[in-house]
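> this is a predicted model, with the sequence first.
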Amino acid sequence: MHNEFKVVEGDFANAGKASSDIKKTLKQLNIDNQKIKKIVVAVYEAEVNAIAHAYGGTIYVDIDQDKIVVVIDDVGPGIPDMDKAMTKGFSTASAKVREMGFGAGMGLPNIKNNVDELEIKTEVGVGTEVKMVVNFQ
Amino acid sequence: MKISEIAKILDARILVSNSNLDSRIKYGFASDLMSDVLTLDEEEIILITGLCNIQTIRTAEMANINCLLFVRNKQASEEMIELAMENDMIILQCEYSLFRTVGLLYEKGLRPVY
Ligand SMILES: Nc1ncnc2c1ncn2[C@@H]1O[C@H](COP(=O)(O)OP(=O)(O)OP(=O)(O)O)[C@@H](O)[C@H]1O
Ligand SMILES: [Mg+2]
């Protein structure tokens, strides 16, 4: 099953639409509730990052028998120092993003905790691609 | 603690109550940081927050949190109410500050997550 979602820079009103849709799909597929939570928390954090820190992008979702693969591909500033970005508490979030309740610097570490595979490709001035895999078994 | 008890202790208004107000809550968690909320494993909790926007509801949705409490009379938008109803959530609103709210509930025996 393949699905795509667009995310738009600064569009907090719609942040979470993709995660919400994924949640509904996985429920229909009778995936374990704890698994679903791990997946949607990770996707939601990545979705918010694309909206908060980049200029928008596309979310690609592929679900098969035994796993879900989600790729969030954004056009944006990229991440200059990956190690720093993965550190709990590091954040460059703007005042607007903090007003929305984000900017604790916990999103990326949170994603890492929740997925089986995480691959982040980023290029400064171009964008970031976050790929996450969660196995259902 | 029953959600109806919590409402009574705080003299809270019930903004959305699609689920049963007599259902029980195990723990309380207070935060305005959504990524903090998204680290929780516990689900039978009431999220007490001063952050009142659509992302508060979304965060609860992703974290399987069914019960939210807005302090300081923070007003929920129509959009928020709709999303909360879609997800069968209960939303309470009280006038007290976050500190007073949390103190009152703690005193009456509501346990913290950590
Ligand atoms: N898609 C992205 N594009 C550019 N920079 C990013 C992206 N994702 C993360 N970052 C950078 O990495 C930092 C850490 O991200 P992380 O998600 O851990 O925290 P945050 O988004 O700042 O706060 P939180 O997720 O806790 O609300 C961000 O502040 C930002 O500098
Ligand atoms: Mg983040």
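It's in. Ligands and ions are numbered 1, 2, ... in the order given.

> how about residues contacting stretch A:32-43?
Residues outside stretch A:32-43 that contact it (CB atoms under 8 Å, 6 or more residues apart in numbering or on different chains) are A:18-20, A:22-23, A:26-27, A:59, A:68, A:70, A:72, A:110-111, A:114-115, A:132, A:134, A:136, B:38, B:62-64. Just so you know, the C-beta spots here come from the backbone N, C-alpha and C atoms, and that holds for glycine as well.

> quick check, it touching ligand 2?
No: judged by CB under 5 Å from the ion, stretch A:32-43 stays clear of ligand 2, getting no closer than 11.0 Å.

> quick check: buried residues in that stretch?
Across stretch A:32-43, burial judged by 16 or more other CB atoms under 10 Å in any protein chain shown covers A:35, A:36, A:37, A:38, A:39, A:40, A:41, A:42, A:43.

> now that stretch: mean pLDDT?
Stretch A:32-43 comes out with an average pLDDT of 97.

> tell me if it is near ligand 1.
No: contact of stretch A:32-43 with ligand 1 (CB under 6 Å from any ligand atom) is absent, the minimum separation being 10.9 Å.

> let's verify residue A:108: helix, strand, or coil?
helix (DSSP: H, G, I helix; E, B strand; the rest coil).

> what about whichever residue of chain A sits closest to ligand 1, neighbour count?
Of all residues in chain A, the one sitting closest to ligand 1 is residue A:107 (2.3 Å; CB to the nearest ligand atom). A count of nearby residues for residue A:107, using other CB atoms under 10 Å in any protein chain shown, gives 26.

> spit out the contact partners of the closest residue to it other than its chain neighbours.
Leaving aside its chain neighbours, residue A:107 sits nearest to residue A:45 (4.1 Å; criterion: CB to CB, 6 or more residues apart in numbering or on different chains). Residues in contact with residue A:45 (CB under 8 Å, 6+ apart) are A:107, A:108, A:110, A:111, B:35, B:38.
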